[in-house]
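Visitor: model this:
(one chain, ligands or ions: 1)
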Amino acid sequence: MNETIQFMDLKRQYVTIKEEISAALSAVCEKTAFSGGPFVEEFEKNFADYCHSSHCSAVNSGTSALQLALVAAGIKPGDEVIVPANTFIATAWAVSYVNATPVFVDCTSNTWNIDPQKIEGKITKKTKAIIGVHLYGQPFDVDAVKSIADTHGLSMIEDCAQAHGALYKDKKVGGFGLLGCFSFYPGKNLGAYGEGGAIVSNNGTNDQRIKSLRNHGSTIRYHHEELGFNMRMDGFQGAVLNVKLRYLDSWNKRRRTIAQMYRNGIKNDKIRMQSQPSWSSSVYHLFVATVDDRDHVMQYLQDRKIFCGLHYPIPCHLQRAYSHLGYKKGDLPNAEYLADHCVSLPMYPELTDAEVSYIIDTLNGIN
Ligand SMILES: *Cc1c(COP(=O)(O)O)cnc(C)c1O
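Guide: Next up, the predicted model:
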C-alpha cells in the first residue's frame with residue numbers, strides 16, 4: 001500500500017456529492033434562509049421520519065441537544081443524572097450545564113456499553129434521569145435500562161450521537177426513552193458541514209418546549225416564556241443534512257460490511273473486539289479494539305502508514321474537570337481498562353476493500 005490510510009477522511013465523501021452540496025448551499029443563499037427556516041424544517045421532517053419518531057427539533061450541536069433534553073426533562077440544580085463513564089465528555093457536560101451532578105456508572109467488560117446491573121446501586125433520592133449512550137454505534141441494553149428507569153420513576157434519555165440508524169431489536173434508536181439526542185458533528189455517521197444536533201421524540205409537548213428553548217424561550221417574537229438559548233440550527237447545515245440523509249443507509253451498510261471484514265479477517269488473539277449482543281445492529285461509528293501494548297500496536301501500524309484513533313483515553317470520572325466529584329482510579333475498572341487499552345481502527349464508508357485487507361493483514365502480522 002503506497003498511500004497513507006488516515007483515521008478519517010471527509011474529503012473522500014465530499015467529492016462524491018460535491019454538485020448536490022453546492023446546489024444546496026446556493027439555495028440557502030438565494031432564500032437567505034440562514035438561521036432555522038425552510039431547509040432546517042424540511043430536515044426535521046425527514047429526520048423524524050428516518051428515526052420513525054413523530055417529532056424532531058434541530059439544534060446547533062449534539063451537546064446542545066443533550067442540554068435541552070435535560071431542561072425539557074425537568075432536571076433541576078442538585079439533581080443527579082446517571083451516565084456511563086466511558087463516553088465522550090459532552091454526555092456529562094450536559095448534566096453539569098443544568099447544575100445537576102453526573103453520576104458515573106461502569107460499562108460491561110465485553111460490550112463496553114453501560115452495565116445495567118451497576119445502575120441501581122447508584123440511584124439515590126436525588127436521581128432523576130439516566131442517559132444511555134449507544135457507544136461506537138452499538139445500542140446499549142435499552143430494555144434493561146428502561147425497566148430500571150420505570151421502576152424508579154426516572155426519565156431515560158438516549159445519547160444517539162454515534163448511532164444514526166442503529167437498531168435495537170429491529171427498531172431505530174432515538175425513540176425508546178423520553179428524548180433521543182443526535183449530533184451532526186462532521187465526523188459522525190451523518191455529519192454536517194459545521195456543527196449540528198437534533199432531539200427526536202414522540203411527545204409533542206416536549207418538542208414544542210424544545211423548539212421554544214432553542215429560540216430564546218420564545219414562540220411569539222419578543223415574548224419570552226422562560227429563560228431560553230440561542231441554539232437554532234443554521235440553514236446551511238439543514239440543507240447539507242437533507243442531501244446527506246439520502247445516503248445515510250448506504251453509508252451505514254458499507255460501514256457494516258467493513259466491520260464484518262474486520263471481524264472475520266482479524267485472526268490475532270492480541271486484538272480483542274466489542275461483543276455484539278444478538279439484539280443489536282451497530283452502525284459502526286467507530287471500530288474499537290483492545291490490545292495489551294497499545295503504544296507498540298499504534299507505532300507498528302503507523303510505521304506501515306495506518307493511522308488509528310483513541311476513544312477515549314481518559315474516562316469521564318477521572319477527568320480533571322470532574323475531580324471535585326471525588327472519583328479515583330479503580331472505581332470503575334472496566335471503563336478504565338478500556339481507556340488504557342482501546343484503539344480505534346480506520347472506519348469510514350469510503351475505505352476500499354484493498355485498504356481494509358491491508359489493515360487486516362498488517363494487524364495479523366503483529367506479534
Ligand atoms: C459527538 C458526541 C456528543 C456531542 O456532540 P457535538 O455535536 O460534538 O456537540 C455527545 N455525545 C457523544 C457520545 C458524542 O459522540
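
Visitor: For the protein, what lies in contact range of the ligand?
Guide: Selection of the chain residues close to the ligand by Cβ under 6 Å from any ligand atom yields 61-63, 87-88, 90-91, 133, 159, 161-162, 183, 185, 195, 197. Yep, even glycine has a C-beta here, placed from its N, CA and C like the rest.

Visitor: So which of the residues you listed belong to helices?
Guide: Residues of those located in helices (DSSP state H): 62, 63, 90, 91.

Visitor: what about residue 112, how many neighbours?
Guide: Counted with other Cβ atoms under 10 Å, residues neighbouring residue 112 total 23.

Visitor: And residue 60, by the same measure?
Guide: By other Cβ under 10 Å, the residues close to residue 60 number 22.

Visitor: give the contact list for the residue nearest the centre of the chain.
Guide: With distances taken as Cα atoms, centre = their mean, residue 161 lies nearest the centre of the chain, 2.1 Å away. For residue 161, the contacting residues are 62, 88, 90, 133, 181, 182, 183, 185, 188, 197, by Cβ atoms under 8 Å, 6 or more residues apart in numbering.

Visitor: Could you rerun that using 6 Å?
Guide: Residue 161 is in contact with 62, 183, counting by Cβ atoms under 6 Å, 6 or more residues apart in numbering.

Visitor: how close does it get to residue 35?
Guide: Plainly put, residue 161 is 23 Å away from residue 35 if you go by Cβ to Cβ, to the nearest Å.

Visitor: and what of residue 173?
Guide: Per Cβ to Cβ, residue 173 is found 28 Å from residue 35.

Visitor: Next: residue 159.
Guide: Here the criterion is Cβ to Cβ. By it, residue 159 lies 26 Å from residue 35.

Visitor: more crowded one of those two?
Guide: Between residue 159 and residue 35, counted using other Cβ under 10 Å, the more crowded position is residue 159 (28 against 15).

Visitor: For the more buried one, give the beta-bridge partners.
Guide: For residue 159, the beta-bridge partners are residue 133, residue 181 (DSSP bridges).

Visitor: from memory it sits against residue 129, does it?
Guide: No - counting by Cβ atoms under 6 Å, residue 129 is not a contact partner of residue 159; they are 11.6 Å apart.

Visitor: what's the pLDDT at residue 1?
Guide: For residue 1, the model assigns a pLDDT of 76.

Visitor: Any figure for the gap between residue 255 and residue 59?
Guide: Distance of residue 255 to residue 59, given as Cβ to Cβ: 25 Å.

Visitor: likewise residue 30?
Guide: Remark: distance between residue 30 and residue 59 (Cβ to Cβ) = 24 Å.

Visitor: Could you check which of these two has the larger neighbour count?
Guide: Shown here are residue 30 and residue 59; by other Cβ under 10 Å, residue 59 has more neighbours (31 against 8).

Visitor: residues near the residue of the chain found nearest the ligand, how many?
Guide: As assessed by Cβ to the nearest ligand atom, the ligand sits closest to residue 62 within the chain, at 2.4 Å. As a burial measure, residue 62 scores 27 neighbours (other Cβ under 10 Å).

Visitor: Cross-check the contact I'm expecting between it and residue 183.
Guide: Yes - in this structure, residue 62 is within contact of residue 183 by Cβ under 6 Å, at 2.4 Å.

Visitor: where do the contact lists of the two overlap?
Guide: Taking Cβ under 6 Å, 6+ apart as the contact rule, residue 62 and residue 183 both touch 161, 197.

Visitor: Pull out the buried residues from the longest helix along the chain.
Guide: Counting residues, the longest helix found in the chain (DSSP H) is helix 10-31. The neighbour-count check on helix 10-31 (16 or more other Cβ atoms under 10 Å) flags 13, 20, 21, 24, 25, 27, 28 as buried.
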